[in-house]
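*Asks:* next input, structure requested:
(one chain, ligands or ions: 1)
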Amino acid sequence: MTRTLIAGNWKMNGLVGSLTEIERVAAAVAPSQTGPEILLCLPATLIHPAAAKAEGSALKIGGETCHPKEKGAHTGDISAEMLKDAGATYVIVGHSERRADHGETDAVVASQASAALRAGITPIICVGETLAQRDAGDVLNVISEQIAGSIPSEGAADTIVVAYEPVWAIGTGRVANSEQIAEVHGFIRELLTKQFGEAGRGTRILYGGSMNPGNAEEILGVAEVNGGLIGGASLKADDFLAIYRLAAQ
Ligand SMILES: O=C[C@H](O)COP(=O)(O)O
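*Replies:* Residues are numbered from 1 along each chain as shown. Below you'll find the model as predicted:
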């Protein structure tokens, strides 16, 4: 059975003082082989100390992006190997904010996901349409193109995670409704089974976009939703843990 993944994305938030929130999350989640997985993807400055705080708990730590290469003259970048060395076991790639702010194309995202696999960490590959694309009736075309271009050839059904994040629902308080989520998640599942065969049924597909303790139960109950990628509501331990507990029910 697919194990639900509750993943937080702190984006460009959090100072060293915020480690107390991470400590609170870690203290509340005992290691277990069953129930949902819990993960916080953090700014690079917090990964190593957060991994130390999370040791011995169920909380996993991840990065928010990585460079395709292992090392070299790439000022300001971070490699998947560096993330792993710092204690990360996951990395988000292709988040719409990276695609928009840094011009990351599907090909770049695929090379970042490939780098994560090379380093032995799990890429969470993000896809999602803008409002203009939705209004133009282009959602499934956009998703199909992003999935085809962003999953690296060496990716396997159980070594990647996909996150569907409609851009118009990110940080806006506007959540996709259950029908919209079910349509896109079902479509992504079809694409994954075409690509990976039966194994594609086991790839986790997360929903992201204004998920919070008030709407998580409904979203997590939608077909083919295998967890969440949570931005704002992951910054506070209480909210993030509330979502985790809903997933564990
Ligand atoms: O990666 C997380 C998403 O961008 C969702 O962010 P949000 O929960 O603040 O809308």
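*Asks:* give the contact list for residue 133.
*Replies:* 139, 142 (C-beta atoms under 8 Å, 6 or more residues apart in numbering). C-beta coordinates here come from the backbone N, C-alpha and C atoms, glycine included.
*Asks:* can you check the one 10 residues further on too?
*Replies:* Contacts were defined as C-beta under 8 Å, 6+ apart; by that measure residue 143 touches 127, 128, 129, 164, 184, 187, 188, 191.
*Asks:* dihedrals phi and psi, the residue nearest to residue 178 when sequence neighbours are not counted?
*Replies:* Leaving aside its chain neighbours, residue 178 sits nearest to residue 222 (5.1 Å; criterion: C-beta to C-beta, 6 or more residues apart in numbering). Backbone geometry at residue 222, expressed as degrees, to the nearest 10, gives phi -70, psi 140.
*Asks:* neighbours of residue 222, how many?
*Replies:* Neighbour count for residue 222, taken as other C-beta atoms under 10 Å: 18.
*Asks:* next: the one 5 residues further on.
*Replies:* Residue neighbour count, defined by other C-beta under 10 Å, stands at 28 for residue 227.
*Asks:* again with residue 118
*Replies:* Per other C-beta under 10 Å, the neighbour tally for residue 118 reads 17.
*Asks:* give me the pLDDT for it.
*Replies:* Residue 118 carries a pLDDT value of 98.
*Asks:* what sits against it?
*Replies:* Contact analysis of residue 118 by C-beta under 8 Å, 6+ apart lists 70, 80, 81.
*Asks:* would you mark the buried spots in whichever strand or helix holds it?
*Replies:* For residue 118, the host element (DSSP states H and E) is helix 106-119. Within helix 106-119, the residues that qualify as buried are 106, 108-119, counting by 16 or more other C-beta atoms under 10 Å.
*Asks:* ok, stretch 36-47 next?
*Replies:* Under the neighbour-count criterion of 16+ other C-beta under 10 Å, stretch 36-47 has 36, 37, 38, 39, 40, 41, 42, 43, 44, 46, 47 buried.
*Asks:* what residues does the closest residue to the ligand within the chain make contact with?
*Replies:* The ligand sits closest to residue 231 of the chain, with a gap of 2.3 Å, by C-beta to the nearest ligand atom. Residues in contact with residue 231 (C-beta under 8 Å, 6+ apart) are 8, 9, 10, 11, 170, 171, 208.
*Asks:* same check on residue 90?
*Replies:* 7, 39, 41, 60, 61, 62, 63, 121, 122, 123, 124, 161.
*Asks:* pretty sure the last one contacts residue 3?
*Replies:* No: in this structure residue 161 lies outside contact range of residue 3 using C-beta atoms under 8 Å: 10.7 Å.
*Asks:* need the overlap of contacts for the two.
*Replies:* In terms of C-beta under 8 Å, 6+ apart, residue 161 and residue 3 are both contacted by the residues residue 204.
*Asks:* looking at those two, which has the bigger crowd around it?
*Replies:* Neighbour tally, residue 161 and residue 3, criterion other C-beta under 10 Å: the higher count belongs to residue 161, 23 against 13.
*Asks:* now the more buried one: how far from residue 139?
*Replies:* 21 Å (C-beta to C-beta, to the nearest Å).
*Asks:* now the helix of greatest length in the chain, how far from the centre of its chain.
*Replies:* The longest helix of the chain (DSSP state H) is helix 178-196. Taking C-alpha atoms, centre = their mean, to the nearest Å, one finds the center of helix 178-196 at 16 Å from the center of the full chain.
*Asks:* contacts for that helix?
*Replies:* Helix 178-196 is contacted from outside by 127, 139-140, 143-144, 147-148, 151, 156-157, 162, 164, 166, 176, 200-201, 203, 205, 207, 218-219, 222-225, using C-beta under 8 Å, 6+ apart.
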